[in-house]
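In: dropping a prediction and its sequence here:
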2 protein chains.
Amino acid sequence: MQAAVIGVGQAKFGRRTDASLRELAFEATRAAFDDCDGSIGIADIDAAITGIASDHFSQQLQPGALMNDYLGLAPKPNFRVEAACATGSAALRTGIMAIQSGMHELVLVVGAEKMCEVDTPTAVGFIGRGGDVQWEAPFGTTFPGNYAMVARAHMARYKTTKEDLARVAVKNHFYGAKNPYAQFQKEITVEKALNAPMISSPLGLFDCSPLTDGAAAAILAPKDKAKSFTDTPIWIEASAVGTDTMSLLDRETLTALPAAREAAYKAYDQARVQPKEIDIACVHDCFTIAEIVAYEDLGFCAVGEGKNLIRDEETYIGGRIPVNIDGGLKAKGHPLGATGLGMLKEIAVQLRGEAESGRQVDGTEIGLIHNVGGTGHYAFVHIFRR
Amino acid sequence: MQAAVIGVGQAKFGRRTDASLRELAFEATRAAFDDCDGSIGIADIDAAITGIASDHFSQQLQPGALMNDYLGLAPKPNFRVEAACATGSAALRTGIMAIQSGMHELVLVVGAEKMCEVDTPTAVGFIGRGGDVQWEAPFGTTFPGNYAMVARAHMARYKTTKEDLARVAVKNHFYGAKNPYAQFQKEITVEKALNAPMISSPLGLFDCSPLTDGAAAAILAPKDKAKSFTDTPIWIEASAVGTDTMSLLDRETLTALPAAREAAYKAYDQARVQPKEIDIACVHDCFTIAEIVAYEDLGFCAVGEGKNLIRDEETYIGGRIPVNIDGGLKAKGHPLGATGLGMLKEIAVQLRGEAESGRQVDGTEIGLIHNVGGTGHYAFVHIFRR
């Protein structure tokens, strides 16, 4: 890829009653500029790509225009991209395209979502409308229900257990507790997760990522100019996308996300690396089962063996491949349009060795982000190198 | 630009109770393939960009994924873009970026909107939420009201009259009546327009574009390969974007759209052409006043003289610069996400000399499309050559 990341930032994720959508975007963008060694400001930006997953949460149509205005970007080029829960990664990919096409040089990509404006049943209803509203949603499907089917299938086929799912939540809360930007900064136990209220069997409360307000941003520059803006650019080695059917019913498998495999295969090919060479990853744990499926889709283990990675603590720091050391979607939070760029911020910070105490993975050279939209309608995999 | 248009298509615009959002997208896409001299099919496409302006009309979140699925594109790369009423142009620009970046070769861009699912007050309310919902919409602003302010200011400053506005509607209905893809295929008179019910003074019913269901698509290829797919590629000479504040209150002028001027200036520069060299244009006449302002913003006449172009019938066939010979948004219809690509279809057909009887502009070499989002939050100008 002909683009590099020269600055990253995020607003604190959580229930942000103190900030509107545009203010969250500002908070993340200012942090990204602060991260650029003070070398540039908004006036230096040539174009922006905004990512917001839905008009529904804030009931604001054209939310990208609002962010563009508030950030003081006008009259510069800008439009919004959307790929469901992978919107942040779609913004990143579009920013890379913008630079690689020669159309722009310094590009701001900023993703945001304010999901806590509405109550939980309303929000879950909105998210359910990310399934096919003509042929699927009328039958009562919701996202917890869809991922519950994936979990049931995986448990039946590969002997994955509810304890394994709980272990994913425990790990992600363990690291979320050390991340000042995380929504939940509190550890939990396997027992607590197993005894939590059931949401959609077998998924309990701690198997589900929360509703989150948040934003994240990155500043991209042409590869050959990145060093003039920062001493520590992050090189983009791969940007890949896969897509799939809207409905799980139309898939050949429930125990994998084919779009994620497609994206992973292409990304490894572009970056010329093997899965075992990845030093740290952020994966899309919208539900705990999704993290286990991601281990397999990304080739971090053989198919059906995702459960062993978490049982053996191989995805903790010190293990074979540390995953979601920022707390993941589960504990850090999942503001749809910001999530992919929040992952990028984490990987950039880790590759530069700047993570908080107890969260830094030693000697990281190559990082990966895996960001899924819907139930795998979209999947984006990006690979970075320091 | 390093991309060319090798096929264009549209679904008939109108109140399409016979087709869902995905079916409209299919109709437009199939037409675009048919337009490619039968040289390629869906299997040849490397990536798609989908454009839908809002989740609200169809109450379908992730509508791009639905279209991607129904078109049989999975597992290919795809995401959705949005720039309000300029969404179709944002999809076009992203498609150009995708090719010019070297990331993809054959790219399908498809825009759609199904606005007639809800009743008119609901739809107008949704569109009003394209203004700032925190600081503007609560005071009752709607899009007709915003453009009414533009009209009032233009009338006060430049002596533009209600008759001038009516003349724009008369021209666009005149050509819409000859376009089998138009929503309204019926001529009107100045008297009929002036006597129509008032919507937002001074704008009456015939000053406003309708709510429309529709879709449009284009297939893009690298410039150097375009001739292998069709004998009549359309060359993309310029792709430019401007943006502006969300609220009219924050602008220095109400009588122009600064974002459109920004985009036009950049587009002419990229294409190395002067406004007077444009042979045909599609401009964003969401309201009749917007077409008169567009004449000025695009440099088709001096500032304040837009009224003269329409009074003197200079924007009819045979005039100085024929504009909206497809009926424009006013008569052809304005399905938000499809509009920009519908304009592209018209310009491609005109440049190839294939428009219907009474609608073909003779000897066209260079065509322009001007597509505005919101009240000029976004503006895209693209220039094409045959």
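Out: Nice, thanks for sending it over. Numbering: from 1, shown residues only, chains lettered A, B, ... in the order given.

In: need the three-state assignment for residue A:82.
Out: Three-state assignment for residue A:82 (DSSP: H, G, I helix; E, B strand; the rest coil): strand.

In: which residue comes closest to it once chain neighbours are left out?
Out: Spatial nearest neighbour of residue A:82, excluding adjacent residues (Cβ to Cβ, 6 or more residues apart in numbering or on different chains): residue B:80 at 4.4 Å. Glycine gets a C-beta too; all of them are placed from N, C-alpha and C.

In: show me where chain A has helices.
Out: A:21-35, A:63-70, A:87-100, A:120-128, A:143-158, A:162-176, A:190-194, A:258-271, A:288-297, A:306-311, A:328-332, A:339-351 (DSSP state H).

In: worst mean pLDDT among the ones you listed?
Out: Across those, helix A:120-128 has the smallest mean pLDDT, namely a mean of 90.

In: check which residues of that helix are buried.
Out: A:123-124, A:126-128 (16 or more other Cβ atoms under 10 Å in any protein chain shown).

In: from what I can see residue A:371 touches residue A:343, true?
Out: Yes: at 6.2 Å, residue A:371 and residue A:343 qualify as touching, with contact defined as Cβ atoms under 8 Å.

In: which residues do those two both contact?
Out: Residues touching both residue A:371 and residue A:343 (Cβ atoms under 8 Å, 6 or more residues apart in numbering or on different chains) are A:88-89.

In: check contacts around residue A:153.
Out: A:254-255.

In: any idea how far residue A:13 is from it?
Out: 30 Å (Cβ to Cβ, to the nearest Å).

In: same question for residue A:51.
Out: Counting by Cβ to Cβ, the gap from residue A:51 to residue A:13 is 15 Å.

In: give me the more crowded residue out of these two.
Out: residue A:51 (36 against 31; other Cβ atoms under 10 Å in any protein chain shown).

In: surely the more buried one is in contact with residue A:87?
Out: Yes: look at residue A:51 against residue A:87 with Cβ under 8 Å: they come within range, at 4.2 Å.

In: give me the common contacts of these two.
Out: Contacts common to residue A:51 and residue A:87, judged by Cβ under 8 Å, 6+ apart, are A:81, A:111, A:337, A:340.

In: from those, pick the one nearest residue A:281.
Out: Each of the shared contacts of residue A:51 and residue A:87 was checked against residue A:281 using Cβ to Cβ; the closest is residue A:340, at 13.2 Å.

In: quick check: nearest residue in space to that closest one, chain neighbours excluded?
Out: Closest to residue A:340 by Cβ to Cβ, 6+ apart is residue A:88, at 2.7 Å.

In: tell me the contacts of the one you found?
Out: A:51, A:111, A:216, A:337-344, A:371.

In: how about the strands in the stretch 101-250 of chain A?
Out: Assigned by DSSP state E, counting those that start in this stretch, the stretch 101-250 of chain A shows strands spanning A:107-114, A:198-200, A:203-204, A:213-222, A:234-243.

In: pull up the pairing partners for the second one, direction included.
Out: Sheet neighbours of strand A:198-200, with direction, are listed as strand A:203-204 (antiparallel) (DSSP bridges).

In: what's next to the partner strand, contact-wise?
Out: A:144, A:147-148, A:151, A:165, A:193-194, A:196-198, A:287-289.

In: in PyMOL, select just the buried ones from these.
Out: Under the burial definition 16+ other Cβ under 10 Å, those of the contacts of strand A:203-204 that qualify are selected in PyMOL by:
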select buried, chain A and resi 144+147+148+151+165+193+196+287+288+289
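
In: tell me the one of the contacts of strand A:203-204 nearest residue B:229?
Out: Distances from residue B:229 to those, taken by Cβ to Cβ, are shortest for residue A:147, at 41.7 Å.

In: how about the contacts made by that closest one?
Out: A:200, A:203, A:286-287, A:289-290, A:375.

In: on that earlier part again, among the buried residues of helix A:120-128, which ones lie close to chain B?
Out: Among the buried residues of helix A:120-128, the ones lying near chain B by Cβ under 8 Å from any Cβ of the partner chain are A:126-127.

In: out of the buried residues of helix A:120-128, which is nearest to chain B?
Out: Chain B has its nearest neighbour among the buried residues of helix A:120-128 in residue A:126, at 6.5 Å by Cβ to the nearest Cβ.

In: what's the local residue count around the residue nearest to the closest one when sequence neighbours are not counted?
Out: Among residues not flanking residue A:126 along the chain, residue A:56 sits closest, at 4.4 Å (Cβ to Cβ, 6+ apart). When neighbours are counted by other Cβ under 10 Å, residue A:56 registers 23.

In: count the neighbours of the residue in the stretch 151-300 of chain A positioned nearest to chain B for me.
Out: At 3.9 Å from chain B, residue A:241 is the closest residue in the stretch 151-300 of chain A, using Cβ to the nearest Cβ. Using other Cβ under 10 Å, residue A:241 has 28 other residues around it.

In: re the thing from before, beta partners for the residue nearest to residue A:82?
Out: residue A:82, residue B:50.

In: would you enumerate the residues in contact with it?
Out: With Cβ under 8 Å, 6+ apart, residue B:80 has these contacts: A:81-83, A:90, B:49-52, B:62-65.

In: let's see 10 Å
Out: For residue B:80, the contacting residues are A:53, A:80-84, A:87, A:90, A:373, A:378, B:48-52, B:62-65, B:67-68, B:87, B:90-91, B:94, B:111, B:337, by Cβ atoms under 10 Å, 6 or more residues apart in numbering or on different chains.

In: residue A:49 too?
Out: A:64, A:77-81, A:90-98, A:104, A:107-111, A:218, A:220, B:81, B:94.

In: now swap in residue A:268 and tell me
Out: Contacts of residue A:268 by Cβ under 10 Å, 6+ apart are A:237-238, A:240, A:274-275, A:277-278, A:298-299, A:368, A:381, A:383.
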